[in-house]
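In: Turn this into a model:
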Amino acid sequence: MKELKNYLEENKQRYLEELMELLRIPSVSADPKYKNDVRRMAEATAEHLRKVGTDAVEVFETDGHPIVYGEKMVNIKAPTVLVYGHYDVQPADPLELWDSPAFEPVVKKTKIHPDGAIFARGACDDKGQFFMHVKAFEAMLKFDKLPCNVKFMIEGEEEVGSRNLEKFCKANKKKLACDVVLISDTSIIDNQTPSLTVGLRGLSYMEVEVTGPNRDLHSGVYGGAVANPINVLSTMIASLHDKKRKITIPGFYDDVKKVSAKERKMMNQAPFDEKNYKKDLHIGDFLGEAGFTTIERTGIRPTLDVNGMWGGYIGEGAKTVLPSKAYAKISMRLVPDQDPNKIEKLFQRHFEKIAPPSVQVKVTAHHGGYPVVVPTNSVEYKAAEKAMEQAFGKKPLPQRGGGSIPIVAMFDQVFNAKSILMGFGLDSDDIHSPNEHYGLFNYYKGIETIPYFYQYYAAMKK
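Out: Coordinates of the predicted model:
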């Protein structure tokens, strides 16, 4: 692999410039006004795949944003790796909180990233991470070091729930057939402590609407006599946790799989500095479910959080209004063996039940996904473990991630193939937030590590 490392070193600047070009495309899938930019990003992704030698590259239409596909079949007897990633990004709002424009990438040094980090929306999630695979593939192909068949599937709707991906996968099951799905959309513990994600939480995402009077009212004339939907909604949301921060929805914990004391002990061996964690976030203390550590709360326990809440007058100055409606978006992160469809029903039933007769409630379920646990005794995991150890010089720790990638469970069902979650971001990279960034060390380390995975996986599958 020496020639690959030399090639990476010689082409670092080009790899960076190519990524920054992609980061300049505002491929925000959630906002229709960026539809043309999302299309432009899909075409740019396809063009990069063609340039590095991928065959049968195609931009597939869906009922939403396109899916980019390409393949390189080197040997019918070799194992096949399906690389999954997404080229769409989160909205950049609030724009005023960015230190530099969200879609004008810049490299800046930070305390955590002394070699520099790329600041831009999508730098880590997921353009920088999926592009590592394209560049690693380029190097392997150039030196005839590609021991596996490779298929790329890069979608444009991950940030809106991968609405059309399952339909595409089922319709193209033969084309996408593989032995393993390789995904880089997760993180490592830190740059000195490599890790592999072995679990992801599931998701149930809800929206609620509370209606009081049939129109906005004068808060002086009607205040104190008519229910204020914002006040009512605030009270209802507050009641969803008890004093120990446990979720109060009846039946919510019925299917939560108990994690053994041994596994909990192993999880808590990961480096974690409480003081720096609080300092980084400017918080005075932690707040979470009693009886669990911070690592456990974000990895093996379900949660319920308000993601947005609005209603009434929020413009400049004052307007003494008693609003007709109030709204909130609420996400619940789920753990094995919770079923997102069951949780949606439990939430709706409970939320409607706790509403006072002075208001009407409407509950809408948005996207969701099942939790995932990756086995650590498989050939695929062992190959990834060995690859990380080769690149970092130490064995990676298995870690459960707090986020959700709903399509991972779907891949298992449709392709009968396990996914390997080999990400290189850091939790402090501010994905989904202003000033998202991705360390140059992490970007290049990912490109260096990926070929090792192919090498070890092919050898172990013989």
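
In: Is it correct that residue 69 falls within a helix?
Out: No: in this structure, residue 69 is strand, not part of a helix, as judged by DSSP: H, G, I helix; E, B strand; the rest coil.

In: For it, the count of nearby residues, please.
Out: Counted with other Cβ atoms under 10 Å, residues neighbouring residue 69 total 22. No exception for glycine: its C-beta is placed from N, CA and C like everyone else's.

In: From the contact counts, what lies against the helix or strand hosting residue 447?
Out: Assigned by DSSP states H and E, residue 447 belongs to helix 440-461. Contact analysis of helix 440-461 by 3 or more Cβ pairs under 8 Å, 6 or more residues apart in numbering; DSSP states H and E lists helix 2-10, helix 12-23, strand 117-119, helix 128-142, strand 180-183, helix 379-392 as its packing neighbours.

In: If we use 6 Å, what do you get?
Out: The helices and strands touching helix 440-461, judged by 3 or more Cβ pairs under 6 Å, 6 or more residues apart in numbering; DSSP states H and E, are helix 128-142, helix 379-392.

In: quick check: angle from the shortest one to helix 440-461?
Out: If I follow you right, that is helix 379-392. Taking axes from the mean of the first three to the mean of the last three Cα atoms, to 10 degrees, one finds helix 379-392 and helix 440-461 inclined to each other by 140 degrees.

In: same deal with the longest one?
Out: For the pair helix 128-142 and helix 440-461, the angle between their directions (the same axes, to 10 degrees) equals 50 degrees.

In: Pull out the buried residues from helix 128-142.
Out: Across helix 128-142, burial judged by 16 or more other Cβ atoms under 10 Å covers 128-141.

In: Compute the inter-axis angle for that helix and helix 2-10.
Out: Orientation of helix 128-142 against helix 2-10 (the same axes, to 10 degrees) gives an angle of 130 degrees.

In: rewinding a little: nearest to residue 175, of the helices and strands packed on helix 440-461?
Out: helix 128-142 (18.2 Å; Cβ to Cβ).

In: Quick one: name whatever helix or strand follows the closest one.
Out: Next along from helix 128-142, by DSSP H and E: strand 149-155.

In: helices or strands next to that following strand in the packing?
Out: Strand 149-155 packs on strand 67-72, strand 80-86, going by 3+ Cβ pairs under 6 Å, 6+ apart.

In: Partner strands of that strand and their direction?
Out: strand 67-72 (antiparallel), strand 80-86 (parallel) (DSSP bridges).

In: Which stretch among these is buried most, on average?
Out: Comparing the strands paired with strand 149-155 by mean neighbour count (mean count of other Cβ atoms under 10 Å), strand 80-86 ranks first with a mean of 25.

In: got a list of contacts for whichever helix or strand comes after it?
Out: Per DSSP H and E, the first helix or strand lying C-terminal to strand 80-86 is strand 106-108. Contacting residues not belonging to strand 106-108 are listed as 100, 116, 118-119 [Cβ atoms under 6 Å, 6 or more residues apart in numbering].

In: Which parts of the protein belong to which domain?
Out: Here the domain parsing of the chain from automatic domain parsing is 2-200+371-461, 202-256+302-369.

In: Residue 263: which of those domains is closest?
Out: Residue 263 sits nearest to domain 2-200+371-461 of all these, at 9.1 Å, using Cβ to Cβ.

In: what's the average pLDDT for the closest one?
Out: Averaging pLDDT along domain 2-200+371-461 yields 96.

In: Can you list the buried residues in the helix holding residue 447?
Out: For helix 440-461, by 16+ other Cβ under 10 Å, it's 440-458, 461.

In: And stretch 33-49, by the same measure?
Out: Applying 16+ other Cβ under 10 Å to stretch 33-49 flags 34, 37-39, 41-42, 44-46, 48-49 as buried.

In: Could you identify the most distant pair in the residues you listed?
Out: Greatest spacing in those, by Cβ to Cβ: 34 and 49 (22.0 Å).

In: any idea of the pLDDT on the residue nearest to residue 402 when sequence neighbours are not counted?
Out: Once flanking residues are discounted, residue 402 sits nearest to residue 298: 3.8 Å by Cβ to Cβ, 6 or more residues apart in numbering. Predicted confidence (pLDDT) for residue 298: 93.

In: Now that residue 298 has come up, it's in contact with residue 403, right?
Out: No: contact criterion Cβ atoms under 6 Å: residue 298 and residue 403 do not qualify, at 9.1 Å.

In: Surely residue 164 touches residue 63?
Out: Yes: in this structure, residue 164 is within contact of residue 63 by Cβ under 6 Å, at 5.3 Å.

In: Mind checking which of the two has more residues around it?
Out: Of the pair residue 164 and residue 63, residue 164 is the one with more neighbours under other Cβ under 10 Å, namely 20 against 9.

In: Name the nearest residue to that one, sequence neighbours excluded.
Out: Using Cβ to Cβ, 6+ apart and skipping residues adjacent in sequence, the residue nearest residue 164 is residue 62, 3.8 Å away.

In: about what we covered before: and the residue nearest to residue 402, what are its phi and psi?
Out: Taking degrees, to the nearest 10, you get phi -90, psi 0 for the backbone angles of residue 298.
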